[in-house]
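Trainee: Sequence first, then the predicted structure, then my questions.
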Amino acid sequence: MERQRRFARKSGLRGVRFKARIEPGEAMLVKEVVAEVMQLLRTRLEAGEQDELAKITGIRSGNSEAPEYPPLARLVPDFLPPAGTPRARPRPEDSGEGGSGEGDLGEGTAADDGAGAGSGDGASAGDGTAPENSGPDAAEVDRENAAMRMLHEPEIVESKLIAGETLIRSVPSRGGSISLNEEQALAWLQSLNDVRLVLGELLIRAADAPGAADLGSNGAPRPGWYRAAVPEEMPAEDSKEFMPWQAYHWCAMMQEDLIEAMSS
């Protein structure tokens, strides 16, 4: 038997609303896990590096290093792929096709703009062979990620905090009816996804310590060295994984049902 969807789309005088009912235990659960994720994000935001320019202009500067705590690193991952990742497509000067290169704007990455220019990659175009294009080296990737973190991470974190606060305010403390407008529904989706990223990281980490090859440039384990996915089978009720597992799958269910209601 197909389970009943938790969210329903309703149209009324106030426009389209997305409505659901949750039990008191569910209300306490979602408020608690969202608040814990928000605390992680606040701590990260407060740890941002404030240089003299930031103090003068009032523009917040973010951290230059990736988080060491892996669940937090899932919320604010690197902006660029690891060194050695092939580019999505060759640059015009690499392929020998010429052109102004204006098509790269807004499509490539900062690392793409820094690699290849002036490096002599285009010298092989005359013989008709495409140069090997493995992307920027590790040092360049680290510099680009650090610069982009300092510039963009505060805004990203603040948007996540706003979404979490929106969700918490919309949930009755003792359970009951939830009625969301589209903006609130989008905040729910963002906040539920953040919770799933954190809990998923906690649930799929293996008991064994990662090897040297599994560590990133900041010393934290790279995503993927542990189990491939969150287990579908419910853990024993007396295990430390039981509550995170329940919260993860509840958030996944609510997220799926809300997406379906918004798409109907």
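Mentor: Structure's in. What do you need? Since the model is a prediction, treat every value here as computed from it, not as a measurement.
Trainee: Just the mean pLDDT for the helix or strand hosting E256, thanks.
Mentor: Per DSSP states H and E, E256 falls inside helix 242-263. The pLDDT scores in helix 242-263 average 95.
Trainee: surely E153 meets S64?
Mentor: No - the pair E153 and S64 does not pass the contact test of CB atoms under 8 Å, sitting 9.3 Å apart. Where C-beta positions appear, they are placed from N, C-alpha and C, glycine not excepted.
Trainee: Next, the buried residues of stretch 30-45.
Mentor: V30, K31, V33, V34, V37, M38, L40, L41, R44, L45 (16 or more other CB atoms under 10 Å).
Trainee: sorry, back to before: what about E153 and S64, which has more around it?
Mentor: Between E153 and S64, E153 has the larger neighbour count (other CB atoms under 10 Å), namely 22 against 16.
Trainee: Could you list which of the buried residues of stretch 30-45 belong to helices?
Mentor: V30, K31, V33, V34, V37, M38, L40, L41, R44, L45 (DSSP state H).
Trainee: Same list, these, but as CSV with pLDDT and distance to W245 please.
Mentor: Output for these, formatted as CSV (pLDDT from 0 to 100; distance: CB to CB, whole Å):
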residue, pLDDT, distance to W245
V30, 97, 15
K31, 97, 18
V33, 97, 12
V34, 98, 17
V37, 97, 16
M38, 97, 21
L40, 95, 19
L41, 96, 22
R44, 91, 25
L45, 89, 28
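Trainee: Can you tell me which of these comes closest to D238?
Mentor: Minimum distance to D238 across those is 20.1 Å, recorded for V33 (CB to CB).
Trainee: who's in contact with S64?
Mentor: Taking CB atoms under 8 Å, 6 or more residues apart in numbering as the contact definition, S64 lies against E49, A146, A147, R149, M150.
Trainee: how many other residues sit next to the nearest residue to it once chain neighbours are set aside?
Mentor: Nearest residue to S64, sequence neighbours excluded (CB to CB, 6 or more residues apart in numbering): A146, at 4.0 Å. Number of residues near A146 (other CB under 10 Å) recorded here: 18.
Trainee: For G176, give its distance to R21.
Mentor: 7 Å (CB to CB, to the nearest Å).
Trainee: and if you look at K10?
Mentor: 13 Å.
Trainee: And G62, by the same measure?
Mentor: Applying CB to CB, the value for G62 to R21 is 39 Å.
Trainee: These two: which has the busier surroundings?
Mentor: G62 (24 against 13).
Trainee: and the nearest residue to that one once chain neighbours are set aside, what pLDDT?
Mentor: Nearest residue to G62 in three dimensions, chain neighbours excluded: E153, at 3.4 Å (CB to CB, 6+ apart). pLDDT, E153: 91.
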